[in-house]
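Trainee: mind folding the following:
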Amino acid sequence: MDILVIGGSRYFGKRLIALLRESGHRLTVLNRGSSPAPEGIEQLVADRDDENALASVLAGRSFDVVVDQVCYTPRQAEIARRVFATRTRRYVTTSTVEVYEYEDSAVPVAESALDLASVTVDTGLPWEDPEFLEAHYGEGKRQAEAVFAAAGSPFAWASVRVAHVLGGADDFTGRIGHYAGRIRAGEPIAVPVVNHPATYVYVEEIAAFLAWAVAADFTGPVNAHSHGPLTTADICAEIEKLVGGRSVFQEVEVGEVSPFSFARSYGMDNSRAVGLGYSFTDSAEWLARAVSETLGGQR
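Mentor: Numbers count the residues shown, from 1 in each chain. Got it, this is the predicted structure:
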């Protein structure tokens with residue numbers, strides 16, 4: 001297949017590109033030029049927020065599948081719908097568990113919990129402001145999905161709602177390092193009074209899932225995560241084994257809590273993906289390896 005990957009220059013995106021390449025697909029990468037494409041892969045350079053520039057660089061081009069790793073706002077989604085309307089038959093976006101951030105469910109959250117038809121799309125919000133975008137990450141993804149899901153879609157659209165990702169020496173988030181530093185120093189780790197478990201996925205597994213999704217034919221949203229939710233204590237216990245020390249949890253009723261701590265319960269249900277034929281691993285199989293890889297890469 002002829003595949004265009006938008007973004008994807010680091011972390012699980014670069015692993016996805018490697019997997020697609022190994023499978024023999026013809027790959028093109030589109031980004032703003034800040035990161036080079038892997039050797040031997042064609043690179044197109046354009047700002048995806050500039051519709052004219054994007055259409056110009058894609059003139060005369062079409063693809064079997066477009067994989068959009070960096071669609072964060074409804075504006076970007078609207079541009080993509082127009083520009084790729086006649087340029088692809090399938091469009092796969094990378095979304096996030098954070099589209100469910102307002103849920104608080106006693107059972108794992110299925111895709112149907114979010115009715116995209118009821119999501120209000122507001123392209124007039126200051127999506128170009130990095131601080132606003134960061135503070136409204138889940139909302140931006142929700143609205144982007146709603147744009148793609150709207151009636152009259154020019155292509156078959158699928159969205160992979162990615163769980164919290166762990167693993168890899170190149171984990172750029174600093175979350176595991178944050179915990180390691182506090183555990184070494186015996187400093188308190190702030191958690192909600194009721195701290196819910198969450199769903200996670202190993203970095204190599206989500207890359208493999210996305211590669212599978214590219215070749216599949218399902219449409220609409222699908223949750224992607226390993227079996228077995230994890231708690232803050234589960235993750236910290238693995239860190240303790242590597243760095244020593246002891247986790248000191250401090251319950252807080254208000255204020256900021258540590259990463260991987262959740263006052264709401266919105267762990268996902270991956271039954272749809274399993275029913276479509278994907279076999280996930282269990283988080284217990286890779287958690288220790290994931291933590292070791294990340295801390296090894298930060299030393």
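
Trainee: low-confidence stretches in the stretch 101-250 of the chain?
Mentor: In the prediction, the stretch 101-250 of the chain carries no residues with pLDDT under 70.

Trainee: for it, what spans make up the helices?
Mentor: When assigned using DSSP state H, counting those that start in this stretch, the helices of the stretch 101-250 of the chain occupy the ranges 130-135, 137-149, 175-185, 203-215, 232-243.

Trainee: ok, and what's touching the fourth one?
Mentor: Defining contact as CB atoms under 8 Å, 6 or more residues apart in numbering, one finds that helix 203-215 is touched by 1, 3, 11-13, 15-16, 18-20, 23, 25, 65, 67, 92, 94, 158, 160, 162-163, 165-168, 171, 201, 222, 224, 226, 273, 278, 280-281, 286, 290. (Each C-beta comes from the backbone N, C-alpha and C, glycine too.)

Trainee: can I get it in PDB? Just the C-alpha atoms.
Mentor: As requested, C-alpha coordinates have been extracted for helix 203-215 and formatted as PDB (Å, rounded to 0.1, in the frame of the first residue of the first chain):
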ATOM      1  CA  VAL A 203       5.100   1.600  23.500                       C
ATOM      2  CA  GLU A 204       6.000  -1.300  21.100                       C
ATOM      3  CA  GLU A 205       2.500  -2.600  21.400                       C
ATOM      4  CA  ILE A 206       0.700   0.600  20.400                       C
ATOM      5  CA  ALA A 207       3.000   0.900  17.400                       C
ATOM      6  CA  ALA A 208       2.100  -2.700  16.400                       C
ATOM      7  CA  PHE A 209      -1.600  -1.900  16.900                       C
ATOM      8  CA  LEU A 210      -1.500   1.100  14.700                       C
ATOM      9  CA  ALA A 211       0.300  -0.800  12.000                       C
ATOM     10  CA  TRP A 212      -2.500  -3.400  12.300                       C
ATOM     11  CA  ALA A 213      -5.200  -0.700  12.100                       C
ATOM     12  CA  VAL A 214      -3.600   0.700   8.900                       C
ATOM     13  CA  ALA A 215      -4.200  -2.600   7.100                       C
END
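
Trainee: which of the contacts of helix 203-215 are buried?
Mentor: Using 16 or more other CB atoms under 10 Å as the burial test, those include 3, 11-13, 15-16, 19-20, 25, 65, 67, 92, 94, 158, 160, 162-163, 165-168, 171, 201, 222, 224, 226, 273, 278, 280, 286, 290 as buried.

Trainee: which ones among the residues you listed lie within strands?
Mentor: For the buried ones among the contacts of helix 203-215, the ones inside strands are 3, 65, 67, 92, 94, 158, 160, 162, 165-166, 201, 222, 224, with DSSP state E as the criterion.

Trainee: give me the nearest residue to Arg182, chain neighbours excluded.
Mentor: Excluding its sequence neighbours, the residue lying closest to Arg182 (CB to CB, 6 or more residues apart in numbering) is Ile189, at 5.5 Å.
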